[in-house]
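Undergrad: here is my input, please return the structure:
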Amino acid sequence: MHGERWWLAGRDMTARVVMTARNRAWLAAALMAMPVPLLAAAFAGTPEISGNLGYTVRSMVGSDSSDSFSNQGRASLSGSSYLLQPWIANYGFGLNMTADLSSTTDVTSGKIRKNATRMVTGDLDIGVLPSSHTPFHLTYRQNDSRVDNYIAHNALNAIHDVEYASQRLALTQSLLTEAGDRYQLRYDNDHYTSTHSSYDDELLGIDADLRFTHQTLLAKASLQNTDYSMLSQSSTNQVLNIDHFFYPNRVWRLDTMGSLYRYDRTSQPVVNATNQPDSTTDLSQFSTFVFYRPEDRPLSVSGGVRLYDLASQNTGNAVAVTSWNATAGLLYQTTRHLRLDARADMMTNSGDGQQSDTTQQRLGALYQSDLYAVFDSASYQWYLSGSAAQRDSSGAAPSSELLQNLRFGHDVLQSWRSSESSGWRLSLSQTVGADVVSGSSGDSDSQQLTHAASLGWDSRDGSGSNLAQLTLSDSRTGGSQVNEQQFANFQLSRNQSLTPRSDLSGNLTVQTVRQVFNDGGDSVTVTTATGQVNYQHSRVLGVPRLRFGSDLRVSQAAYDEGIDRLEWENALDYAIGLVDSRASWRMIDLNGTRFDLLYLQVTRRF
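TA: Have a look, this model is predicted:
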C-alpha cells in the first residue's frame, strides 16, 4: 500500500546510474559541445553571428558594513544556424566572457580586499531532427550574477551579498507516433552556488501521453537526487503518476488518477542545529470521479472515491495514516432563477490505532432575480440562498451536528458619462446572513452584515489619461463570536505627455485594514502605501538618441513587521552607430539603510 515493493526492484541500480551520470554530466556536455564549431564550419548553413564588446564600472556605497568598486571588461558572441539541412539539426549559442577587478572596503576597519576574477557564461541549444518523430534537444545554461549586465536589473543581489553562479544541463529525447502519442525521456542536472549555500540537483524522468478514441492516458515517472551543502543534507524523490480521462461523449466524463511517492532525506554527519533528522515518507493515492453534465438539461451529477495512504518515519517518530472518502452531488436548475443542490459525503480516517468515520448530507437552494433597471440607467439584482446539513462523526470524539445558514444579498450598479472623455462607475452591495449550529457538542449561532461600495472615475484628454478608484467595505459578525473588519483602498494614476518627446506617469495606492476580535477586545490596524513616478525623455537637449529616465518607487507599511522601501533610479542612455552607453545612479533605502549604486557602461555591437 505504501508503494515500497514497487520501487525496490530497480531503485538501487537506478540510483547508481544517476550518481554515475552526475560525475560525467559536465564532461558529456563539454564533449557534445566541442564539435559544434567544427561541424558548423564544415557542414552548416550560413550562420547568423552577432556580439558586442563592453566596459563597465560599478560602485556600491552602503550605510551598513562595506563599500565595493568593480571594473569589468566583457565580450559577448551569439549565433545560430543549422547542420547540413534545417530539418537535420540546428543550434544556437551565446558566449559571454567577463574579466572583473573588484575591491571591497570594510567601513569599520578600513581594510580593502581586492579580487580579480574571470567569468565565462553562456548558453547552448542543439536540436537534432527537430521536425521528425524522434526529436532530440540539448540545452546548457551557465549564469553568474556578478556579470554587471544582469546586476543592473537586480541590484538587491549585490546589496545583500547574495552573489551566485548556476549551471544547468537538460537533455530531452522524444518519440512521436502517427496516432499522436508522445513518449519523452528527460535528464536535468542543475548546480547552484551562492555566497551562503549551494546545491546539486539531478533528475531522470520519463513521460508518456497516449491518445485513444474518447480517452487519454498520461503517465509520468521520475527520480530526483538533491544535495544541500549548507545543510549537510541530501534527499531523493521518486514519483509515479498516472492519469486517465475517459469521455465517451460530451455529457459523460470519467477521471481516474493513481500516484506513488517516496521521499528519503539523509543528513551528514549527524543531526545539528542546521539540518533535520533522517526521514522516509511513502505516499500512495487513488481516485476516480464521474461527471454527468448535459448542456441542454437542468440536471448535472458528479461523484467519486478517493483513497489515501501515508507512512512517514524519522528519528524516534513514525506516522501512518490511511483515509478514504466518497462524495456524490447534484445540481438541478428548476428555472432560470431557482437552483437546487444536494450532496452526500463519507470519510474514514485511521492511524495510530484509532479510527474515525464522518458522514454529511447537505441540501441547498439559490434564487437569483432578474436585472432590474432603476434610476433610469442603474441595474439592480438580489439573491437568496440557504442550506441545511447533517454531520455525524464517530471515533475518539463522537459528535452529531445540524448546520443551517441563510443569506440575502443585493447590489446596484451605476455608470454614467460626465463628458465625452470621462466617466464614473458606482457599485453598492449589502449582504445579510445567519448561521446556526446545534448538536451534541453545544449550540452556537452567528449573524453577518456586510456593506461594500466602490466608486471609480476615468478620463482621457489630448495629453494623457487619469484613473481613480475608491473601495470601501465593512463586515460585522455577531452572536457566539463577535468580530468586525473594515477595509479601504484608494488608487490613483496619471499618464501625462509633457512634450512630443517626454512623458510623465505616476500611481499611488493606499490601503487600510482594521480588524477587531473577541467582542472588541483586540484591534489590529494595518496601513500600507505604495507609489511610483516615472519620467522619460527620448531626446535630451535636442540630441538624437540621447535618452533620460527617472523612476521613483516608494513603499511604506505602518506596522513593525513591515518593510519601508524607497528606490530612485536615474539613467542616461546614448546610442550612436553601433556604440551604446549608459550611466545610472540608483539609491535604495530599506528601513533606513541606504545603498547607492553608480553604474557606467559602454558597449560596441557588431
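Undergrad: isn't His244 right up against Ser287?
TA: No - checked against Cβ atoms under 8 Å, the pair His244 and Ser287 is beyond contact range at 11.0 Å. C-beta: built from backbone N, CA, C; applies to glycine.
Undergrad: now Asn225. Nearest residue, chain neighbours left out?
TA: Nearest residue to Asn225, sequence neighbours excluded (Cβ to Cβ, 6 or more residues apart in numbering): Glu202, at 4.9 Å.
Undergrad: per-residue pLDDT, that neighbour?
TA: Glu202 carries a pLDDT value of 96.
Undergrad: just the helices in the stretch 451-600 of the chain please.
TA: For the stretch 451-600 of the chain, no helices turn up when DSSP state H, counting those that start in this stretch is the criterion.
Undergrad: pLDDT weak spots in it?
TA: Along the stretch 451-600 of the chain, the parts satisfying pLDDT under 70 run over 518-521, 558-562.
Undergrad: which one is Arg293 nearest to, not counting chain neighbours?
TA: Using Cβ to Cβ, 6+ apart and skipping the chain neighbours, the partner closest in space to Arg293 is Ser300 (4.7 Å).
Undergrad: no, scratch that, I was asking about Val128
TA: Leaving aside its chain neighbours, Val128 sits nearest to Phe136 (4.2 Å; criterion: Cβ to Cβ, 6+ apart).
Undergrad: list the contacts for the one you found?
TA: Contacts of Phe136 were listed using Cβ atoms under 8 Å, 6 or more residues apart in numbering, and they are Gly127, Val128, Leu129, Leu171, Thr172, Gln173, Ser174.
Undergrad: just Met587 next, same as before
TA: Leu566, Glu567, Trp568, Glu569, Arg594, Phe595, Asp596, Leu597.
Undergrad: report the separation between the fifth one and Asp564.
TA: With distances taken as Cβ to Cβ, to the nearest Å, Arg594 is found 12 Å from Asp564.
Undergrad: about what we covered before: list the buried residues for the strand or helix carrying the residue nearest to Asn225?
TA: Glu202 is part of strand 198-212 when elements are defined by DSSP states H and E. Across strand 198-212, burial judged by 16 or more other Cβ atoms under 10 Å covers Ser198, Tyr199, Asp200, Asp201, Glu202, Leu203, Leu204, Gly205, Asp207, Asp209, Leu210.
Undergrad: rewinding a little: show me what the residue nearest to Val128 bridges to in the sheet.
TA: Beta-bridge partners recorded for Phe136 (DSSP bridges): Val128, Gln173.
Undergrad: distance check, it against Leu129.
TA: Using Cβ to Cβ, one gets 7 Å for the distance from Phe136 to Leu129.
Undergrad: try Phe595
TA: 51 Å.
Undergrad: do the same with Thr172
TA: Relative to Leu129, Thr172 is positioned 12 Å away (Cβ to Cβ).
Undergrad: of these two, give the one with the bigger neighbour count.
TA: Between Thr172 and Leu129, counted using other Cβ atoms under 10 Å, Thr172 has the larger neighbour count: 17 against 13.
Undergrad: my read: the more buried one touches Gln184, true?
TA: Yes - taking Cβ under 8 Å as the definition, Thr172 is a contact partner of Gln184 at 6.3 Å.
Undergrad: host element of Thr280?
TA: In this structure, Thr280 is located in strand 279-292 according to DSSP H and E.
Undergrad: could you list every helix and strand that that strand packs against?
TA: strand 252-267, strand 299-314 (3 or more Cβ pairs under 8 Å, 6 or more residues apart in numbering; DSSP states H and E).
Undergrad: list the contacts of the strand ranked longest in the chain.
TA: Determined from DSSP state E, the single longest strand within the chain is strand 399-419. For strand 399-419, contacts defined as Cβ under 8 Å, 6+ apart pick out 374-375, 377-393, 423-441, 459.
Undergrad: for it, what is the average pLDDT?
TA: Mean per-residue pLDDT for strand 399-419: 94.
Undergrad: what pairs with it, parallel or antiparallel?
TA: With DSSP bridges as the criterion, the sheet partners recorded for strand 399-419 are strand 378-394 (antiparallel), strand 422-439 (antiparallel).
Undergrad: list residues touching both of His244 and Ser287?
TA: Common contacts of His244 and Ser287 (Cβ under 8 Å, 6+ apart): Thr256, Met257.
Undergrad: for Arg594, name its beta-bridge partners.
TA: Asp589.
Undergrad: against Leu600, how distant is it?
TA: With distances taken as Cβ to Cβ, Arg594 is found 20 Å from Leu600.
Undergrad: cool, and Arg407?
TA: Going from Arg407 to Leu600 by Cβ to Cβ gives 63 Å.
Undergrad: tell me the pLDDT of His160.
TA: If you check His160, the pLDDT there is 44.
Undergrad: now Ile493. Nearest residue, chain neighbours left out?
TA: Just so we're on the same page, residue 493 is Ser rather than Ile. Going by Cβ to Cβ, 6+ apart, Ser493 has Asn507 as its nearest residue, at 3.9 Å.
Undergrad: what sits against the one you found?
TA: Gln491, Leu492, Ser493, Arg494, Gly531, Gln532.
Undergrad: tabulate the CA atom coordinates of stretch 516-535 in CSV.
TA: Provided in CSV are the C-alpha atoms of stretch 516-535 (Å, rounded to 0.1, in the frame of the first residue of the first chain):
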residue,chain,number,x,y,z
VAL,A,516,-11.5,43.7,15.8
PHE,A,517,-11.7,40.3,17.6
ASN,A,518,-13.1,38.9,20.8
ASP,A,519,-16.0,41.3,21.4
GLY,A,520,-13.9,44.4,20.7
GLY,A,521,-11.1,43.4,23.0
ASP,A,522,-8.4,43.1,20.4
SER,A,523,-7.9,45.5,17.5
VAL,A,524,-5.4,45.4,14.6
THR,A,525,-5.0,48.1,12.0
VAL,A,526,-2.6,47.8,9.1
THR,A,527,-1.9,50.6,6.6
THR,A,528,0.3,50.3,3.5
ALA,A,529,1.1,52.8,0.8
THR,A,530,2.9,52.3,-2.5
GLY,A,531,3.6,54.9,-5.2
GLN,A,532,5.6,55.3,-8.4
VAL,A,533,6.6,58.2,-10.5
ASN,A,534,8.3,57.7,-13.9
TYR,A,535,9.7,60.3,-16.3
